[in-house]
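Visitor: Have a look at this fold, sequence not included:
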């Protein structure tokens, strides 16, 4: 199987599908390789921030998700270790307004399926069941990939640019020596529950250092339950994660009370370590988008928005570079600068929140302080929801 293309996108999850759609709409020849035969369930909190809706609408997928039963989430409810409850709502903050005043709860199978259908609607060459294992580098530039198809046959495909959208275990990032461990070592344990009363219109977070848990409604009586714990605590229980999960939930008293009477309806899935670093490639002809570009921690639920927004930034950079006939590392470095401008401030906020939720006394103090300042809470929720720029925080707080 050989074919030349302008852009070869490896991975058809949110980042890869979005990149392919945006590039195809600009008239570029795009090939997409996806290792699975179709959209597959993935370990995920299945929460999309309000600004994710803007990109999904641009991609033509938002209407499909609304019609398919995606849950509108009006805000977040956060319970501190001492039981202090904070409820923030998505809405206008000063001059900043969300695309829609809601976040979205939707299964990854539904989201990925909707985006894959949008890829199929484009003049894109889509190959399912192709697992990429390595890159082809010539004269310091990535010019293609190699892998195997569903029948086990060797595959080599080439393009002017390769986009690595192959997720946290990116074979491309690994092959180029760009993936590195992170000191924040956590594991996520994810399942689904029914019978949680009044869990319909807000996401719920339970902070209980060193753990936190998230309840994310996906249907009238189906809730994504995610528990994030230190990897070192879970590692000795790898062969008995079900027992570890059940015991750990009981040790988060506010969560345990919330789940009283609830029933699990799915096996437990796990993923860890969650955080890892990815450095930009030295080679030209390649970009990383979505989780292939690195991941920190899911507390603020920014993963899918980051994937979609990075796809927008990548598509802008690639369209310019391809039309100029220059896909060198120097030309594609514009993407790295755009990513830093888009995400660096939010990453600082996320790290500050991690410092708070990791210390019981600080978490309680911060919760009580925010409880007395609902306007500040909504402003912070706007930052978490990706529609209030973090740099606007001081001005908004003083106004």
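Guide: The structure has been received and is ready for your questions. Since the structure is predicted, the reported quantities are computational estimates derived from the model, not experimental observations.
Visitor: remind me which residues of the stretch 51-200 of the chain are low pLDDT?
Guide: Applying pLDDT under 70 to the stretch 51-200 of the chain flags no residue at all.
Visitor: Recalculate using a threshold of 90.
Guide: 69, 94, 168-169, 181-185 (pLDDT under 90).
Visitor: May I ask you to name the longest helix in this protein?
Guide: helix 329-357 (DSSP state H).
Visitor: Show me what the very next helix or strand once past that one packs onto, helices and strands only.
Guide: Scanning forward in sequence from helix 329-357 by DSSP states H and E, the next helix or strand is helix 360-371. Applying 3 or more C-beta pairs under 8 Å, 6 or more residues apart in numbering; DSSP states H and E, we find helix 360-371 packed against strand 85-89, strand 202-208, helix 329-357, helix 374-384. In this view, the C-beta of every residue, glycine as well, is placed from N, C-alpha and C.
Visitor: and the third one, what other elements does it pack with?
Guide: So that's helix 329-357. strand 286-288, helix 303-324, helix 360-371, helix 374-384.
Visitor: got the ones you listed as TSV, with mean neighbour count, mean pLDDT and distance to residue 62 columns?
Guide: TSV is the format used below for the helices and strands packed on helix 329-357 (neighbours: other C-beta atoms under 10 Å; pLDDT from 0 to 100; distance: least, C-beta to C-beta, whole Å):
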stretch	mean neighbour count	mean pLDDT	distance to residue 62
strand 286-288	29	98	25
helix 303-324	22	96	11
helix 360-371	16	94	31
helix 374-384	20	90	20
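Visitor: Out of these, flag the one nearest residue 32.
Guide: The closest of the helices and strands packed on helix 329-357 to residue 32 is helix 303-324. By C-beta to C-beta, the value is 12.3 Å.
Visitor: ok now that closest one, how far from the chain's centre?
Guide: Taking C-alpha atoms, centre = their mean, to the nearest Å, one finds the center of helix 303-324 at 16 Å from the center of the full chain.
Visitor: thinking again about what came up before, return the most buried member of the helices and strands packed on helix 360-371.
Guide: Per residue and on average, the most neighbours among the helices and strands packed on helix 360-371 fall to strand 202-208, with a mean of 23 (mean count of other C-beta atoms under 10 Å).
Visitor: Helices of the stretch 151-300 of the chain, residue ranges please.
Guide: All helices of the stretch 151-300 of the chain, identified by DSSP state H, counting those that start in this stretch, fall at 171-175, 231-234, 241-250, 253-258.
Visitor: out of the helices and strands packed on helix 329-357, which comes closest to residue 191?
Guide: That would be, of the helices and strands packed on helix 329-357 and by C-beta to C-beta, helix 303-324, which comes in at 18.3 Å.
Visitor: what angle sits between the closest one and helix 329-357?
Guide: 170 degrees (axes from the mean of the first three to the mean of the last three C-alpha atoms, to 10 degrees).
Visitor: Which strands or helices does the strand or helix carrying residue 118 pack on?
Guide: Using DSSP H and E, residue 118 sits within helix 108-120. Counting contacts by 3+ C-beta pairs under 8 Å, 6+ apart, helix 108-120 is packed against helix 14-25, helix 62-67.
Visitor: For the shortest one, what is the distance to the chain centroid?
Guide: Centre-to-centre, helix 62-67 and its host chain are 19 Å apart (C-alpha atoms, centre = their mean).
Visitor: do the same with stretch 344-361
Guide: For stretch 344-361, the distance to the chain centre is 17 Å (C-alpha atoms, centre = their mean).
Visitor: do the same with stretch 188-197
Guide: Centroid separation between stretch 188-197 and its chain, computed with C-alpha atoms, centre = their mean, is 19 Å.
Visitor: Next, the buried residues of it.
Guide: 188, 189, 190, 191, 192, 193, 196 (16 or more other C-beta atoms under 10 Å).
Visitor: Stretch 274-286 now?
Guide: For stretch 274-286, by 16+ other C-beta under 10 Å, it's 274, 275, 276, 278, 280, 281, 283, 284, 285, 286.
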